[in-house]
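Engineer: Make a model of this:
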Amino acid sequence: MSLLPRHSSLVTRLNNPLALTHSIEQCVVALCGAAEWYCGGILLKMTARCAIVAAAMLIGCSCKAFVLPPAGWQKTAHNNVLQNSLDDGDRISSQLQRTINTLVTAAALFTTALTSPVNIHVNTNEPAITIEKSQAYALNENQLFISDVWFKVTTQYFDQSFNGLGESGWRAKEKEAFQAVEDTGPDDDELVVDAIKTMLSALGDPYTRFLPKEKYEVLTAYATGGTGKAGIGVQLLEDPRTKNVVVMATTNSGPAASAGVHLGDVILKINGEDMTGASAEVVAAKCRGEQGQKVDIAFLRKDENGNAGTEYLKSITRAQVKVNPIQTQMFTTESGKRVGLLKVPSFSTETVKEMVNGLRTISDDGKLDAIAIDIRGNVGGYMPAGVEAANLFLPARAHIIAEVDKSGAITGYDADGIGAATSTPLYLLVDGRTASAAEIFAGALQDNQRAVVVGSKTFGKGRIQNVQPLENGSGLAITRARYITPKGRDLHGVGIIPNKETSQCESADSARTCLSNIV
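Structural biologist: Prediction:
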C-alpha cells in the first residue's frame, strides 16, 4: 500500500508528461543558444567538460532507477490495485524516460557546443538536429589573443553602436580576424597584428588602436614622466608632410642637448640603420638602451628657410632622463610687464607637482605682473593631469570638465578651491599641436574666463582613452569616453579658437614674441 500514495502523487505531478517533455525540449534550445553565446572565445577546461557529462549521466540514471520498476518485477493477479497502478506507472515511466533522455541529451549538446567545432540547432517541430561548423572550436593561441582584444574593446568602447556596425556586425569583425589567423603559429606575429588592426579599423576611430611593445613602452613612459630605459632626452614627432622623424624638444642638460642637438633636427640614421619611413615610436625605441652605452645618430639640420641643410653625426651616451620637465623663465614685455613663463611640454603624473614648483620659482623672482603657460606642441598625455593642472588656477566649484561614458552617464570634475594661483593674470600659448589633456586644461581656463588663450587653433581631440597592457608586452588604447568643456563644447575635430589669434606665435617664436602687444 505504501506505493499507492507515492504513485498517485507522481501521477498528479506529471498529469501531462508530453507537455512537460515539450517544455524541456524548449529548454534544450535555450541551453544550446546559451552555449553558442558563451563560446565567443571562452573554452572550458577538460575537467569541467567531464564534470558536466558525468553529472548529466548520473542524474539520468538516478531518475530512471527511481521511476522504473525493479528488474524482474512480475505483475500478479492477487493485487489488482497494485497491478493497475503499475500499468499507469509503465505508461508514465515511458513518457518520463523520454523526458529524462531529453535532459541528458541537453547536457550533452551543451557540452558539445562548448567543446566541438559545431553549431547545434534543435528544431522542436521536427525531430532533427542541424550541425554546422562553429568558431567555438579550440581556438589557437593567436585567435585567443584576438578574442581578448575584441572582448576588451567590446566592454569598454564609448560608442556601443560600434560605428554603426551593431553587435552582430562587430562580432562578425572578430570572426573575420579569426579566419585571417586560422592557420598561423607562434612566429606569425605580423599577420596577427594586421588582423587586429583590420578589425579595429572598422570602428573608424584612430585612437582605439593596437600598440606594439615599443609604442606601448613609449606611451606609458610619457604618461609617467620617465623613459623606462636610458635615453638621450628628446621628444620626437613624425612630420606628416615629409614622414621624417623630427626633434620637437630636448631635455635641459640631457645627453642630446649637451651634444648640441637642436629643435627641428631630423633623425636620418641610428647606428648606421636608415630611419627613412620609420615611425617616431620605432626611432624612440632605438634611441633607448642601457645606461652608459653610446648610440651613433646621424641628423639633418635645416637652414633658416627650412631647406635641406647640413648632415652631421653625433655619438651620444644614453642616460636616465625625465622626458617632460617643466621649464621656467622670467621676461619683460615691451610695455614693461614682468611675466613668469612655464613651458609645459606634456602632461604626466609629475606635471602638477612640477607646475607648483615652477609657480613658486617665478613668484620668488621678484615682481610678477602675469603668468604665461606655453603648451604649444603639447599633445597631451595623462588626462587627469590636465584636470588637476586647471584646478591650480580656478576658484572653488568652478567646472573643469564633464566626461560622458558609453551609457551616456556624465561625470563632472570641479575645482576644490585650493588653487595655487587664482588671481594673477594668466595667458596660455597654443598652436595646432596642442591636444588632448592640454586642450582640457586650456578649455577649462578659457570657459571660466580665467585665462586669455593666445596663438592658433588647437588640434581638436575630445576623446579619452584607456591604455592597458596585453599579455605579450604590447598594449591596447581604447576610447572609453568623450569630454565636454564647462560651457558644453565638444572640442573633437573642432579645437579651441584662441581669444587672441596671431601669426607671431609659431613653434620657433619666443613667448615674449607671442605676447607682444597683448601684455
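Engineer: residues making contact with the helix or strand encompassing Arg482?
Structural biologist: Per DSSP states H and E: Arg482 is located in strand 475-484. Residues outside strand 475-484 that contact it (Cβ atoms under 8 Å, 6 or more residues apart in numbering) are 149, 152-153, 156-159, 205, 207-211, 213, 215-216, 219-220, 401-406, 440, 462-470, 490-492. Any C-beta I mention is one placed from the backbone N, CA and C, and that applies to glycine too.
Engineer: Out of those residues, which end up buried?
Structural biologist: 149, 153, 156-159, 205, 208-211, 215-216, 219-220, 401-404, 440, 462-465, 467, 470, 491-492 (16 or more other Cβ atoms under 10 Å).
Engineer: What about those, which are in strands?
Structural biologist: Counting by DSSP state E, the buried ones among the contacts of strand 475-484 place Arg209, Phe210, Leu211, Ile401, Ala402, Glu403, Val404, Arg463, Ile464, Gln465, Val467 in strands.
Engineer: Output those in JSON lines; the columns should cover distance to Lys243 and pLDDT.
Structural biologist: Converted to JSON lines, those look like this (distance: Cβ to Cβ, whole Å; pLDDT from 0 to 100):
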{"residue": "Arg209", "distance to Lys243": "19", "pLDDT": "94"}
{"residue": "Phe210", "distance to Lys243": "21", "pLDDT": "95"}
{"residue": "Leu211", "distance to Lys243": "20", "pLDDT": "92"}
{"residue": "Ile401", "distance to Lys243": "34", "pLDDT": "97"}
{"residue": "Ala402", "distance to Lys243": "37", "pLDDT": "97"}
{"residue": "Glu403", "distance to Lys243": "35", "pLDDT": "95"}
{"residue": "Val404", "distance to Lys243": "35", "pLDDT": "95"}
{"residue": "Arg463", "distance to Lys243": "25", "pLDDT": "95"}
{"residue": "Ile464", "distance to Lys243": "28", "pLDDT": "94"}
{"residue": "Gln465", "distance to Lys243": "24", "pLDDT": "93"}
{"residue": "Val467", "distance to Lys243": "25", "pLDDT": "92"}
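Engineer: list the buried ones in stretch 363-373?
Structural biologist: For stretch 363-373, by 16+ other Cβ under 10 Å, it's Leu368, Ala370, Ile371, Ala372, Ile373.
Engineer: With stretch 231-240 instead?
Structural biologist: Buried residues in stretch 231-240, defined by neighbour count with 16+ other Cβ under 10 Å: Gly231, Ile232, Gly233, Val234, Gln235, Leu236, Glu238.
Engineer: For that stretch, the averaged confidence score.
Structural biologist: For stretch 231-240, mean pLDDT is 80.
Engineer: next one: that stretch to chain centre, how far?
Structural biologist: Between the centre of stretch 231-240 and the centre of its chain there are 24 Å (Cα atoms, centre = their mean, to the nearest Å).
Engineer: now swap in stretch 345-354 and tell me
Structural biologist: Relative to its chain's centre, stretch 345-354 lies at 22 Å (Cα atoms, centre = their mean).
Engineer: Just the terminal-to-terminal distance for that stretch.
Structural biologist: Stretch 345-354 has its terminal residues 12 Å apart, counting by Cα to Cα, to the nearest Å.
Engineer: next one: stretch 387-403
Structural biologist: 11 Å.
Engineer: Any chance you could list what contacts it?
Structural biologist: Here stretch 387-403 makes contact (Cβ under 8 Å, 6+ apart) with 344, 347, 351-352, 355-356, 359, 386, 410-422, 426, 440-441, 443-445, 447-448, 450-451, 464, 481-486.
Engineer: Filter those residues down to just the buried residues.
Structural biologist: Buried subset of these (neighbour count, 16+ other Cβ under 10 Å): 344, 347, 351-352, 355, 359, 386, 413-415, 419, 421-422, 426, 440-441, 443-445, 447-448, 450-451, 464, 481-486.
Engineer: Return the subset of the residues you listed lying in helices.
Structural biologist: Residues from these lying in helices, with DSSP state H as the criterion: Thr351, Val352, Met355, Leu359, Gly386, Ile440, Phe441, Gly443, Ala444, Leu445, Asp447.
Engineer: and of the residues you listed, the nearest to Ser516?
Structural biologist: Nearest to Ser516 out of those is Leu445 (Cβ to Cβ; 21.3 Å).
Engineer: Ile297 against Gly272, yeah?
Structural biologist: No - with contact defined as Cβ atoms under 8 Å, Ile297 does not count as touching Gly272 (10.2 Å).
Engineer: Settle it for me: which of these two has more neighbours?
Structural biologist: Ile297 (25 against 7; other Cβ atoms under 10 Å).
Engineer: Kindly confirm my reading that the more buried one is in a strand.
Structural biologist: Yes - counting by DSSP: H, G, I helix; E, B strand; the rest coil, one finds Ile297 located in a strand.
Engineer: list the contacts for it?
Structural biologist: Neighbouring residues of Ile297 by Cβ under 8 Å, 6+ apart: Ile232, Ile267, Lys269, Ile270, Cys287, Leu313, Lys314, Ile316.
Engineer: Do you know the pLDDT at Gly225?
Structural biologist: 61.
Engineer: and if you look at Lys294?
Structural biologist: Reading off the model, Lys294 has pLDDT 94.
Engineer: Quickly list what it is bridged to.
Structural biologist: Listed beta-bridge partners, Lys294: Thr317 (assigned using DSSP bridges).
Engineer: which residues sit in contact with it?
Structural biologist: Lys294 sits next to Ser315, Ile316, Thr317, Arg318 when contact means Cβ under 8 Å, 6+ apart.
Engineer: Great, nothing more from me.
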